[in-house]
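In: make a model of this:
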Amino acid sequence: MDRVPGCFAYLEELYLNHNNLTTLAGVEAFLNIKIFHFRFNYVVGLEELRRIGNPFFLKSLAVLGNQMEVDPNCNKKWLRGNLFRNLEEYNPPSSQYYR
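Out: All right, here's what the predicted structure looks like:
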């Protein structure tokens, strides 16, 4: 992601599904993300999740279809205990968010 205009810095939902992403660089510009879904991209390592600007706000995370899924720590319990203490949903059904 290139530079994000300041008017978007406070978005609460960000959906980047099917975008051929290999990194989450740039996501740190979004300061209030509560829902972050980036299904079916090419993001490899869990360290990419550390780019999330304010992990305290994150409630829903969807990583399905990314290579990071093979990491044994890529599960709700570990993510909640180590990165996102307020995480409520991990890989929720997509129909829940697309109306």
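
In: so what's the residue count around Phe57?
Out: For Phe57, the neighbour count with other Cβ atoms under 10 Å is 17. Placement of C-beta: from N, CA and C, glycine included.

In: middle-most residue in this structure, spatially?
Out: Residue closest to the average C-alpha location in the chain (Cα atoms, centre = their mean): Phe36, at 4.0 Å.

In: backbone dihedrals for it, please?
Out: The phi/psi pair for Phe36 (degrees, to the nearest 10) reads phi -130, psi 110.

In: which residue is the nearest non-sequential neighbour of it?
Out: Nearest residue to Phe36, sequence neighbours excluded (Cβ to Cβ, 6 or more residues apart in numbering): Leu14, at 5.1 Å.

In: just give the number of residues close to Leu24.
Out: Around Leu24 sit 21 other residues, with neighbours defined as other Cβ under 10 Å.

In: then Ala25?
Out: Around Ala25 there are 12 residues (other Cβ under 10 Å).

In: ok, Asn66 next?
Out: Asn66, neighbours per other Cβ under 10 Å, totals 22.

In: pLDDT score for Gly6?
Out: If you check Gly6, the pLDDT there is 79.
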